[in-house]
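Chemist: coords please:
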Amino acid sequence: MNYDLIVVGSGPSGQKAAIAAAKLEKKVALIERRVERMGGVCLHTGTIPSKTMREAILHLTGYRQREVYTERYRQKRKITMDDLRRKLDQVILNEMDVLHEYLDRNDIDLFTGEASFVSPHEIEVCREGQCTKLKGDKILLAVGTRPSRPKHIPFDGRTIFDSDELLKIQEIPRSMVVVGGGVIGMEYAIMFATLGTEVTVVDGRERLLEFCDREIIEMLQFHARSLGMVFRLGEDVVAIDRLRHNRGAIQLESGKRLIAESILFTTGRVGDTDTLNLAAAGLEVDERGKLWCDENFRTWVPHIYGVGDVIGFPALASASMEQGRRAALAAFGKPHSGTKLLPYGLFTIPEISMIGKTEQQLTNDRVPYEVGVCQFRELPRGKISGDETGLLKILFHRETKAVLGVHIIGETATEIIHIGQAVMALGGTIEYFRDTVFNHPTMAEAYKIAAFNGLNKLNLDSREMIEQPIEEQLLQTVEELQSETATASEPAMATA
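Modeler: Presented below is the predicted three-dimensional model:
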């Protein structure tokens with residue numbers, strides 16, 4: 001069977017690539033390993049499940065109104081894993097229905113089974129002993145990643161587990177050690193701490209989430225510690241063991257020993273490429289099983305493209321969707337445009353979102369910048385929604401006033417970041433936020449308050465610069481008067 005494009009993987013990047021090619025009236029085949037896994041990691045074990053679980057936790061614990069109802073804020077005293085999974089099943093089924101509708105509407109042929117290269121242009125799809133050979137002019141790999149599982153770690157899916165297995169545990173543990181303080185580790189760590197689990201995060205780095213603004217992460221850690229979380233940073237794990245009575249133990253290089261009911265291992269992910277027989281296509285992967293691609297997502301085999309998590313950073317579902325679309329357009333010689341500005345969203349509790357440069361980057365680049373800040377406690381909507389600890393900061397150029405970055409922690413951070421994104425993409429300045437009318441009361445008003453805060457700093461600085469010459473003149477006049485007085489008194493002193 002011949003196709004203009006064969007897409008391997010039905011996650012966000014694969015879906016959008018297949019649909020974009022179909023819109024160009026190309027004949028497209030989409031391959032997914034198992035029909036029940038349509039939508040990929042994003043839908044079944046990654047982005048959608050973790051965010052659905054987070055929303056369930058916030059609802060069932062009454063977290064958002066804890067400041068109002070104090071000790072009575074918890075809506076449900078006994079929360080179970082089944083409670084957290086209940087909404088998840090509904091969301092997954094709905095998203096799978098939507099995906100199948102998109103494929104049918106665009107006449108995309110769906111094949112389920114294990115895909116492997118036979119030659120650079122041929123892929124064999126096998127399922128239950130039956131194999132089908134497909135030939136494609138262009139091939140796009142969107143196979144995603146899976147959790148890293150070192151062989152010396154005794155995973156059992158109950159006491160010691162990875163992020164995929166976490167969704168299947170039977171009970172909410174009383175204690176948990178999270179090995180790896182990356183995005184996935186921190187998201188789940190704070191979720192379980194919110195449920196009352198005693199959580200310890202272990203990471204070999206001295207600072208968490210280094211790509212984020214330092215002040216924002218310090219606020220996140222402060223909040224996490226208020227939930228009882230403990231951080232062991234700069235600590236390397238030597239060994240992990242299973243103990244009796246469903247407990248696990250972690251031995252640190254420093255000599256510390258941590259014991260908990262559960263251990264979540266989240267030290268990175270590897271490309272899900274080992275069954276593709278890439279050698280038959282003339283391809284290789286790095287030590288993490290990931291593919292190299294150029295700026296148009298083309299591998300060193302010209303007709304084969306790679307998109308999504310399998311090509312590495314930034315490994316975001318949002319970015320992957322756009323990568324799939326652009327790769328399909330590039331494959332068929334169609335122009336595509338788009339900004340390189342990518343919003344980042346961390347669904348911790350509270351949320352974090354950012355776009356553009358951090359203060360550390362601007363300082364290193366010697367860019368003259370100023371900061372406008374809004375504390376969420378200044379917003380009526382912050383009080384209404386129960387978020388008085390959040391913060392929005394706008395970084396802007398002192399001279400041109402161009403917006404250089406926006407960093408948010410708090411309620412709806414991942415939603416309102418797009419206001420800053422739009423202004424940056426269109427080359428706007430911080431004055432836009434000052435002059436724009438926002439609905440009231442909303443969290444978006446934080447932009448206006450932050451703009452006034454930042455511009456007031458510039459105005460104060462300019463007033464001081466204007467006043468400085470006057471001060472210098474007064475100082476000079478005083479010095480002249482003192483000099484004249486001293487000179488006038490010299491003859492009298494000499495005569496005496």
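Chemist: which element follows the worst-scoring helix or strand of the chain on mean pLDDT toward the C-terminus?
Modeler: Here the helix or strand of the chain ranked lowest by mean pLDDT, DSSP states H and E is helix 66-69, holding a mean of 61. From helix 66-69 onward toward the C-terminus, using DSSP states H and E, the following helix or strand is helix 81-105.
Chemist: can you pull the buried residues of the following helix or strand past that following helix?
Modeler: Toward the C-terminus, helix 81-105 is succeeded by strand 109-112 as the next helix or strand (DSSP H and E). Across strand 109-112, burial judged by 16 or more other C-beta atoms under 10 Å covers Leu110, Phe111, Thr112. For the C-beta atoms, the positions are set from N, CA and C on the backbone; glycine is no exception.
Chemist: Residues in contact with the lengthiest strand in the chain: which ones?
Modeler: Longest strand of the chain, by residue count under DSSP state E: strand 130-141. When contacts are defined by C-beta atoms under 8 Å, 6 or more residues apart in numbering, strand 130-141 is touched by residues 1-9, 14, 17, 29, 31, 111, 113, 118, 121-126, 273, 276, 281, 291, 299, 303-307, 310, 324, 327-328, 331-332.
Chemist: thinking again about what came up before, closest one of the buried residues of strand 109-112 to Glu25?
Modeler: Sorting the buried residues of strand 109-112 by distance to Glu25 puts Leu110 at the head of the list, at 18.5 Å, by C-beta to C-beta.
Chemist: Leaving out sequence neighbours, find the closest residue to Ala330.
Modeler: The shortest distance from Ala330 to any non-neighbouring residue, by C-beta to C-beta, 6 or more residues apart in numbering, is to Asn296 (4.1 Å).
Chemist: What's the separation between the one you found and Phe332?
Modeler: In this view, Asn296 and Phe332 are 12 Å apart by C-beta to C-beta, to the nearest Å.
Chemist: Which pLDDT value does the model give Gln75?
Modeler: In this prediction, Gln75 carries a pLDDT score of 55.
Chemist: Same check on Thr61?
Modeler: We note a pLDDT of 87 for Thr61 in this prediction.
Chemist: how many other residues sit next to it?
Modeler: Using other C-beta atoms under 10 Å, Thr61 is surrounded by 20 other residues.
Chemist: do you know how far Gly129 is from Phe111?
Modeler: For Gly129, the distance to Phe111 under the criterion C-beta to C-beta works out to 15 Å.
Chemist: now do Thr267
Modeler: 34 Å.
Chemist: out of Asn296 and Phe332, which sits in the busier spot?
Modeler: Phe332 (15 against 12).
Chemist: Using PDB, write down the CA coordinates of stretch 281-299.
Modeler: Once side chains and other backbone atoms are set aside, the C-alpha atoms of stretch 281-299 remain, and they are given as PDB (Å, rounded to 0.1, in the frame of the first residue of the first chain):
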ATOM      1  CA  ALA A 281      16.200   3.200   7.400                       C
ATOM      2  CA  GLY A 282      19.800   4.400   7.800                       C
ATOM      3  CA  LEU A 283      19.000   6.100  11.100                       C
ATOM      4  CA  GLU A 284      20.600   6.100  14.600                       C
ATOM      5  CA  VAL A 285      19.600   7.500  17.900                       C
ATOM      6  CA  ASP A 286      21.600   9.000  20.800                       C
ATOM      7  CA  GLU A 287      22.200   7.300  24.200                       C
ATOM      8  CA  ARG A 288      18.700   8.400  25.300                       C
ATOM      9  CA  GLY A 289      17.000   6.800  22.200                       C
ATOM     10  CA  LYS A 290      16.300  10.200  20.700                       C
ATOM     11  CA  LEU A 291      16.600  11.400  17.100                       C
ATOM     12  CA  TRP A 292      18.500  14.400  15.700                       C
ATOM     13  CA  CYS A 293      16.500  16.700  13.400                       C
ATOM     14  CA  ASP A 294      17.200  20.000  11.700                       C
ATOM     15  CA  GLU A 295      15.100  23.200  12.000                       C
ATOM     16  CA  ASN A 296      12.500  21.700   9.600                       C
ATOM     17  CA  PHE A 297      12.400  18.500  11.600                       C
ATOM     18  CA  ARG A 298      14.200  16.500   8.900                       C
ATOM     19  CA  THR A 299      16.600  13.700   9.900                       C
END
